[in-house]
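S.K.: predicted coordinates and the sequence they were generated for:
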Amino acid sequence: MSDRIGIAVVGTGDWGANLVRNFANLPGARLVSVCDADPKRLAKTAALYPDARAVADVAEVARDPEIQGVVVAASAVSHHPLAKTLLEAGKDVYVEKPLTLEVAHAEELCRIARAKNRILMVGHLLLYHPGVQYLKKMVAEKAIGDLLYIYCQRVNLGKVRTDENALWSFAPHDLSVILHLMDQEPVDVAARGAAFLQAGVEDVVFVDLRFPGGQTAHAHVSWLDPHKLRKFTVVGSQKMVVFDDMEASEKIKVYDKGVDRVGQVVSYGDALTVRSGDILIPKISLQEPLRLECLHFVECVRERRRPLTDGIGGLRVVKVLDAAQRSLKSGGKPVTVEPLPLEVA
Ligand SMILES: NC(=O)c1ccc[n+]([C@@H]2O[C@H](COP(=O)([O-])OP(=O)(O)OC[C@H]3O[C@@H](n4cnc5c(N)ncnc54)[C@H](O)[C@@H]3O)[C@@H](O)[C@H]2O)c1
């Protein structure tokens, strides 16, 4: 019996293939099994990883005693039933984002994981990105002063999905970062968008969040855009930071810019001075965030640790997505985000 953690990946499509590649090459892990309901896809994966068992049905993964941790990278609509089956079978589970498509389903998975003492991790990849970790440290240490607002863009001409809109496909990334940096739940969410390519499936969505301390955040997501942008701008009372994931190496730029209050407020013009100082480009590790995320899952399984991106974090994001979806359907009216139920908080 190997002391490496036995891993299975369920769903080996475009993204699942990256997870299979990582787990097949990860210290401390052994890729025991790959699972896909599509025979062609399964055959393709099996050919690349002949040492892993290739199975079509998740039930086989659930009853395999050599498997401790399962990665669910199937289509979002199947996250809930697959994760539920696996948690109930006693597996530790890492579910790709979004955790589920319904709040009640995400709450149920958190409850099962807690009751069965299983690890439930969500693929909020950006929280493992060294650039986002640098941002988090700056915000937490108040190196930018007070956090005032964040805006971000995740747009490109990309994979047009049919079973989820651009909000559910892209915004989990942005919302996970926004909630992580703000470190609080939003008061309400408003979203507007439009469906141009398929009826009822929004291709572009603009989301606005308001936080209890007066901070705001805005996310623009689209798969129908000429630019490829993956960018966060974080504005603090002392400094401003830009995280641009499309930059090859200079991903973070810290601007020593702000508006200072000086002297007695006679009129606004007299009392405010604009400060435009140096720009700092810190050295950020270029390690692959997905590999760091996979290593974290294996460590959590081995050491029975709560993941950085646990089920509760996944539920928080699903709650904001759900509020944004309801706002979208109402033409942009703000929707209150209810607090987490006590039994899962
Ligand atoms: N973290 C990230 O950056 C990131 C990036 C892209 C996609 N994703 C997420 O990864 C997931 C998969 O996305 P994708 O682009 O690879 O989709 P995809 O459609 O290319 O692949 C999904 C695969 O899951 C399989 N599948 C579906 N239901 C199944 C079931 N019940 N049992 C076994 N296999 C099943 C399908 O046959 C398919 O091969 C989605 O949740 C998506 O949101 C995450």
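M.R.: Yes, it's here. Numbers count the residues shown, from 1 in each chain.

S.K.: is any part of stretch 307-319 close to the ligand?
M.R.: No. Contact of stretch 307-319 with the ligand (CB under 6 Å from any ligand atom) is absent, the minimum separation being 10.3 Å. C-beta coordinates here come from the backbone N, C-alpha and C atoms, glycine included.

S.K.: so what touches that stretch?
M.R.: 94-95, 97-103, 106-107, 109-110, 113, 119-124, 127-128, 172, 175-176, 179-180, 185, 293, 296-297, 300, 337-338, 340, 344-345 (CB atoms under 8 Å, 6 or more residues apart in numbering).

S.K.: give me the neighbour count for residue 46.
M.R.: Residue neighbour count, defined by other CB atoms under 10 Å, stands at 16 for residue 46.

S.K.: surely it is within a helix?
M.R.: Yes. Counting by DSSP: H, G, I helix; E, B strand; the rest coil, residue 46 is found in a helix.

S.K.: that one is in contact with residue 54, isn't it?
M.R.: Yes. With contacts defined as CB atoms under 8 Å, residue 46 counts as touching residue 54 at a distance of 3.7 Å.

S.K.: what's the distance between the residue of the stretch 151-300 of the chain found nearest the ligand and residue 138?
M.R.: Using CB to the nearest ligand atom, the single residue of the stretch 151-300 of the chain nearest to the ligand is residue 169, 6.1 Å away. Here the distance between residue 169 and residue 138 works out to 29 Å (CB to CB, to the nearest Å).

S.K.: who's more crowded, these two?
M.R.: Neighbours of residue 169 and residue 138, each counted by other CB under 10 Å, are more numerous for residue 169; the result is 23 against 20.

S.K.: quick one: secondary structure of residue 273?
M.R.: Reducing the assignment to helix, strand or coil with three-state DSSP, the entry for residue 273 is strand.

S.K.: any idea of the pLDDT on it?
M.R.: Predicted confidence (pLDDT) for residue 273: 85.

S.K.: how about the contacts made by it?
M.R.: Residues 259, 260, 262 are the ones in contact with residue 273 under the rule CB under 8 Å, 6+ apart.

S.K.: wait, doesn't the first one sit right on residue 275?
M.R.: Yes. In terms of CB under 8 Å, residue 259 counts as a neighbour of residue 275; the distance is 7.1 Å.

S.K.: re the thing from before, so which of the contacts of residue 273 sit within strands?
M.R.: Secondary structure defined by DSSP state E assigns 259, 260 of the contacts of residue 273 to strands.

S.K.: helices of this structure, start to end?
M.R.: Under the criterion DSSP state H, the chain carries helices at the ranges 16-24, 39-48, 58-62, 79-88, 103-115, 130-140, 166-182, 268-271, 289-303, 311-329.

S.K.: least reliable of the ones you listed going by mean pLDDT?
M.R.: Looking over these, mean pLDDT reaches its minimum on helix 268-271, with a mean of 64.

S.K.: tell me, how many neighbours does whichever residue of the stretch 1-150 of the chain sits closest to the ligand end up with?
M.R.: Using CB to the nearest ligand atom, the point where the stretch 1-150 of the chain gets nearest to the ligand is residue 13, with a distance of 1.9 Å. Residue 13: 14 surrounding residues under other CB under 10 Å.

S.K.: make 48 the first number, not 1, from now on.
M.R.: Happy to do that; since the first residue is 48 now, the last one works out to residue 60.

S.K.: how about it: what's its closest non-neighbour residue?
M.R.: Here the nearest residue to residue 60 in space, its sequence neighbours aside, is residue 88; by CB to CB, 6 or more residues apart in numbering that works out to 6.2 Å.

S.K.: is it true that the one you found touches residue 59?
M.R.: Yes. In this structure, residue 88 sits in contact with residue 59. The criterion is CB under 8 Å, and the distance is 5.9 Å.

S.K.: now for residue 252, how many residues are close by?
M.R.: 25.

S.K.: dump the residue contacts of the residue nearest to it when sequence neighbours are not counted.
M.R.: Nearest in space to residue 252, with sequence neighbours left out and distances taken as CB to CB, 6+ apart, is residue 240 at 3.5 Å. Contacts for residue 240 were tallied using CB under 8 Å, 6+ apart; they are 212, 213, 214, 249, 250, 251, 252, 253, 375.

S.K.: returning to that earlier point: who has more neighbours, residue 88 and residue 59?
M.R.: Summary of the neighbour comparison: residue 88 and residue 59, criterion other CB under 10 Å, with residue 59 having more neighbours (27 against 18).

S.K.: re the thing from before, quick one, which of the contacts of residue 240 are buried?
M.R.: In the contacts of residue 240, burial by neighbour count holds for 212, 213, 214, 249, 250, 251, 252, 253, 375, counting by 16 or more other CB atoms under 10 Å.

S.K.: what's the separation between the residue positioned nearest the centre of the chain and residue 262?
M.R.: Against the mean C-alpha coordinate of the chain, by CA atoms, centre = their mean, the closest residue is residue 171 at 2.7 Å. Distance of residue 171 to residue 262, given as CB to CB: 20 Å.
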